[in-house]
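[1] missing the sequence, but the structure's below:
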């Protein structure tokens, strides 16, 4: 029986809802946006700020390395702060806080949605990979648009733009903070198109698969 | 209940065996290499020749277009033959023969392994997409190497090279003859890592999914 299930998902694929159903059916804890509040407490940053910046900032260190930004204060032996780019390392602070929270969540069986949890748990010495099931949920573009139109009352063209934009942000975030590529099958135990059989059936499949 | 199941697969992932198990459990017909013999009969080419060239030739027409090869005989209004590249369009002949065979197989419920069957059935007017389940099987590289070592008594380094080479050929073939990219999640209803739960469990999952 898998103890930890991570759900990565395309925007509009119903991944969050599927994760919630899986957690309910297995009697597991469920974490998604709750991780933001926990990371706020851990990092001392406000939850609102984390929510806004979580997927809009690249890794400060990588970004500065690429730009060749000089760090002030390193000559004195202290940890340097980038000149004129002081806001960027916050992305790393947020990622590290979320990483710590996610590892802490594995004290009990759980389903975690997003936040690079598949990578964080796969690469941790604390976790036996036999206990871990990493799932990626995707869907046909028509199904995703219909879902966003219905839930958020958006027009078709607006829904399409939002889907492209949010998935681009998710991919950027994942690709920056992990060594993997978002959506690459190598990272996951299975990838399911939720438009094939719908949200309920997809959740049921994952519950079945968690039994092995 | 899905009537037609296509299995695309990475070399060494056990996809063929999984497909066979699914067919047995559902009582469906199973096709893999049998298609070569049928295509031989259809095209008039020998089965041995088809087997050798099936995935070694690119599409002749595309290839010639890219090279800008001139076609002789077109001025007379007939279908031209490429000058000095006469062998290449055979790849198209083989693909078309296999396409015809694959569409003919759908007279009864079946499992088809490889041969761009997912694309051929998805794009055919004859097939209702609700009857079709397109599955992609992959596996961790260590599991694939172990499998090839055991079955074909190859050394580890030789097995690794074979895996890379055969998957490259499969991808080239698929990408040449379809409008899609081999292994891209958009083409499939689900993608399963067979090393997560093993061959038997993976087959069982697909059988379950075929019920929706």
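    Right, received. Where do you want to start? Everything quoted here is computed from the prediction, not taken from an experiment.
[2] Give me the number of neighbouring residues for residue A:151.
    12 (other CB atoms under 10 Å in any protein chain shown). Every residue, glycine included, has its C-beta placed from N, CA and C.
[3] ditto for residue A:182
    Residue A:182 has 21 nearby residues by other CB under 10 Å.
[4] On the three-state scheme, it is what?
    coil (DSSP: H, G, I helix; E, B strand; the rest coil).
[5] Kindly report the same for residue A:6.
    strand.
[6] any idea how far residue B:133 is from it?
    25 Å (CB to CB, to the nearest Å).
[7] and the gap between residue A:11 and residue A:113?
    Plainly put, residue A:11 is 12 Å away from residue A:113 if you go by CB to CB.
[8] should've said residue A:163
    Taking CB to CB, one finds residue A:163 at 17 Å from residue A:113.
[9] Of these two, which one has the most company?
    A direct count of neighbours by other CB under 10 Å for residue A:163 and residue A:113 places residue A:113 higher, at 25 against 21.
[10] If you drop the residues flanking it in sequence, what lies closest to that one?
    Nearest non-adjacent residue to residue A:113, counting by CB to CB, 6 or more residues apart in numbering or on different chains: residue A:32, 4.1 Å away.
[11] how close does the one you found get to residue B:124?
    40 Å.
[12] Who has more neighbours out of these two?
    Between residue A:32 and residue B:124, residue A:32 has the larger neighbour count (other CB under 10 Å), namely 18 against 15.
[13] wait, that one sits on residue A:19?
    Yes. With contacts counted by CB atoms under 8 Å, residue A:32 reaches residue A:19, the gap being 7.0 Å.
[14] which residues do those two both contact?
    A:112, A:113 (CB atoms under 8 Å, 6 or more residues apart in numbering or on different chains).
[15] burial of residue A:178, as a residue count?
    17.
[16] Give me the pLDDT for the nearest residue to it once chain neighbours are set aside.
    In space, and not counting its chain neighbours, residue A:178 is closest to residue A:119: 4.0 Å by CB to CB, 6+ apart. If you check residue A:119, the pLDDT there is 97.
[17] Count the neighbours of residue A:119 for me.
    21.
[18] what's downstream of the helix or strand containing it, the next helix or strand?
    Assigning secondary structure by DSSP states H and E places residue A:119 in helix A:117-122. Later in the chain than helix A:117-122, the nearest helix or strand by DSSP H and E is strand A:132-138.
[19] by how many degrees do the next helix or strand after that next one and strand A:132-138 diverge?
    Where DSSP H and E defines the elements, the next helix or strand beyond strand A:132-138 is helix A:141-152. Using axes from the mean of the first three to the mean of the last three CA atoms, to 10 degrees, the direction of helix A:141-152 lies 90 degrees away from that of strand A:132-138.
[20] anything in helix A:141-152 near chain B?
    No. Helix A:141-152 lies out of reach of chain B by CB under 8 Å from any CB of the partner chain, never closer than 8.7 Å.
[21] can you give me the offset of that helix from its chain's centre?
    Distance of helix A:141-152 from the chain centroid (CA atoms, centre = their mean, to the nearest Å) equals 21 Å.
[22] buried set for the helix or strand just after that helix?
    Downstream of helix A:141-152, the next assigned helix or strand under DSSP H and E is helix A:156-177. Within helix A:156-177, the residues scored as buried using 16 or more other CB atoms under 10 Å in any protein chain shown are A:159, A:160, A:162, A:163, A:167, A:170, A:173, A:174, A:175, A:176, A:177.
[23] repeat for stretch A:191-200
    Across stretch A:191-200, burial judged by 16+ other CB under 10 Å covers A:191, A:192, A:193, A:194, A:195, A:196, A:197, A:199.
[24] Can I take it that the first one is in a strand?
    Looking back up the chat, that one is residue A:191. Yes. Checked against three-state DSSP, residue A:191 lies within a strand.
[25] Enumerate the residues of chain A near chain B.
    So chain A meets chain B at A:133, A:136, A:138, A:183, A:185-186, A:188-193, A:196-198, A:201, A:205, A:208-209, A:212 (CB under 8 Å from any CB).
[26] Mind checking which of these are buried?
    Buried members of the residues of chain A next to chain B, counted by 16+ other CB under 10 Å: A:133, A:136, A:138, A:183, A:185, A:188-193, A:196-197, A:201, A:205, A:209, A:212.
[27] Please identify which helix or strand holds the nearest residue to residue A:38 once chain neighbours are set aside.
    Leaving aside its sequence neighbours, residue A:38 sits nearest to residue A:101 (CB to CB, 6+ apart; 4.5 Å). Using DSSP H and E, residue A:101 sits within helix A:89-105.
[28] Please name every helix or strand in contact with that helix.
    strand A:29-31, helix A:34-43, helix A:47-53, helix A:60-67, helix A:117-122 (3 or more CB pairs under 8 Å, 6 or more residues apart in numbering or on different chains; DSSP states H and E).
[29] for chain A, what helix or strand is lowest in average pLDDT?
    Sorting the helices and strands of chain A by mean pLDDT, DSSP states H and E puts strand A:71-72 at the bottom, at a mean of 37.
[30] What residues does residue A:191 make contact with?
    A:135, A:136, A:137, A:138, A:185, B:185, B:188, B:190, B:191.
[31] Chain neighbours aside, what residue packs nearest to residue A:156?
    That would be residue A:145: by CB to CB, 6+ apart, it lies 5.8 Å from residue A:156.
[32] from memory that neighbour sits against residue A:163, does it?
    Yes. Here residue A:145 reaches residue A:163: they are 6.9 Å apart, a contact under CB under 8 Å.
[33] Between the two, which contacts overlap?
    Both residue A:145 and residue A:163 are in contact with residue A:12, where contact means CB under 8 Å, 6+ apart.
[34] Can you tell me which of the contacts of residue A:191 is nearest residue B:129?
    residue B:188 (12.6 Å; CB to CB).
[35] I'd like to know how far that closest one sits from chain A.
    7 Å (CB to the nearest CB, to the nearest Å).
[36] Deepest in the core, which of the helices and strands packed on helix A:89-105 is it.
    Among the helices and strands packed on helix A:89-105, ranked by average contacts under mean count of other CB atoms under 10 Å in any protein chain shown, first place goes to helix A:117-122 (a mean of 23).
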